[in-house]
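[1] sequence and predicted model, in that order:
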Amino acid sequence: MPESFFKRRLKTIGLPPGSLIYTGEKQIERTEISLFHYDAGSCEELKLESIDACEPYLTKSGVCWVNIDGLSDTALMERVGTLFNIHPLLLEDVVSVDQRPKIEQHGDNLLIMLKMLTFDQSSESVLSEHVSILLGGRYVVTFQERPGDVFDSVRERIRKSMGRIRKMGNDFLAYALVDAIVDNYFVILEKIGDRITTIDEQVRERPTVETSHTIGMLKRELNMIRRFVWPVREILHMLSRGEYARIAKSTEIFIRDVYDHTIQIIDAVENLRDLVAGMFDSYLSSISFRMNKIMSVLTIIATIFIPLTFIAGVYGMNFRFMPELGWKYGYPAVLGAMAGIGATMLFIFKRKKWL
């Protein structure tokens, strides 16, 4: 596991259970709160200055969706826990961003924790964000680390009354949010697949040290996605079996559809992991082939110079009586012999296809 994981966990060591300590790395200056309240015939969308402003909507008929961007404000999170009757241990899990995706139930509240993935174009890397979905009486509360998410399609469906979302209960809204997160995994995998294709071409043409670094990063990202998706499959399996009273029978069939999507994603991740592993083997083979080719050329050059060095060494000895030293054509004759030996060896090497 990354070193940062242990550093973040050190923040909570020794504290009593239920302590609200945000373990994320990035904090936003001001928590943003938005609200949707809708039913089959109307829809209201608001930006709230405080969490208390949503209290009147919790008793109204219809569905109330409260979205909170920013988890570092401890006082605000304590007020959220009081307002929505969230158990302190559940609230602790909400602000502990290192939590494994899971589902927890306490009283009337059902808490689903997932990892939302986004693709950073500038660094060409996959970023993860801890997202919690609280399903209560007539409301759904979503907790995010920072602004920006994959829920725009859900918001648009609510605004324009597209599909059945405005006619269904809050459990269907929770399903729609989970579905948006899971469907975005396909988008992330597609981008990773494009990167794998590009890197594979580099491996075949001219691999570099940067190529190996990119392959290693792809491997880490796929392992991360695999680690996040496997628990989601378990969560959806439990939700689709009717184990939770908050999930209506009419919604279970839609959850089973998302469950099928997670199976497809897991298969895709495994295929991409195999491709990356094979690509790394190809990279090592390509580097080894290039190295062998270079060593072959250097060996041939060294082999050619061995007899030439021997001749130069013989005539470089300081003996007084060497017949060729006094010969008028001795110097050009030796050079000619050396050139002939080198040319003959090159001819033999090319004939044997060693060059």
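    Good, I have the coordinates. What you see is a predicted model, and the numbers here were worked out from it, not measured in a lab. Residues are numbered from 1 along each chain as shown.

[2] what count of nearby residues applies to N318?
    Counted with other C-beta atoms under 10 Å, the neighbours of N318 add up to 5. The C-beta positions use only the backbone N, C-alpha and C, and glycine is treated the same way.

[3] same check on I112?
    Close neighbours of I112, defined as other C-beta under 10 Å, add up to 26.

[4] for it, give me its contacts.
    Residues near I112 by C-beta atoms under 8 Å, 6 or more residues apart in numbering: 103, 132-135, 174, 178, 235.

[5] and with 10 Å instead?
    With contact taken as C-beta atoms under 10 Å, 6 or more residues apart in numbering, I112 is in contact with 101-105, 131-135, 140, 142, 174-175, 177-178, 181, 232, 235-236, 239, 244.

[6] pLDDT weak spots in the chain?
    For the chain, the stretches flagged by pLDDT under 70 are 1-20, 22-24, 26-27, 355.

[7] again, only using 80
    Within the chain, the stretches with pLDDT under 80 are 1-29, 202-209, 280-290, 293, 315-330, 352-355.

[8] most centrally placed residue in it?
    E221 (3.3 Å; C-alpha atoms, centre = their mean).

[9] that one: which element?
    Per DSSP states H and E, E221 falls inside helix 209-240.

[10] can you give me the helices for the stretch 1-150 of the chain?
    For the stretch 1-150 of the chain, applying DSSP state H, counting those that start in this stretch gives helices covering 3-9, 74-83, 88-95.

[11] single out the most deeply packed of these.
    When the helices of the stretch 1-150 of the chain are scored by mean count of other C-beta atoms under 10 Å, the highest mean neighbour count falls to helix 88-95 (a mean of 20).

[12] just to revisit the earlier point, so which of the helices of the stretch 1-150 of the chain comes closest to E29?
    Among the helices of the stretch 1-150 of the chain, the nearest to E29 by C-beta to C-beta is helix 74-83 (13.0 Å).

[13] and that closest one with helix 88-95, angle?
    Here the directions of helix 74-83 and helix 88-95 differ by 130 degrees (axes from the mean of the first three to the mean of the last three C-alpha atoms, to 10 degrees).

[14] check the offset of the longest helix along the chain from the chain's centre.
    Within the chain, and with DSSP state H defining each element, the longest helix by residue count is helix 249-315. Distance of helix 249-315 from the chain centroid (C-alpha atoms, centre = their mean, to the nearest Å) equals 21 Å.

[15] report all helices and strands that the next helix or strand after that helix contacts.
    Sequence order places helix 330-351 as the next helix or strand after helix 249-315, per DSSP H and E. Counting by 3 or more C-beta pairs under 10 Å, 6 or more residues apart in numbering; DSSP states H and E, the packing neighbours recorded for helix 330-351 are helix 249-315.
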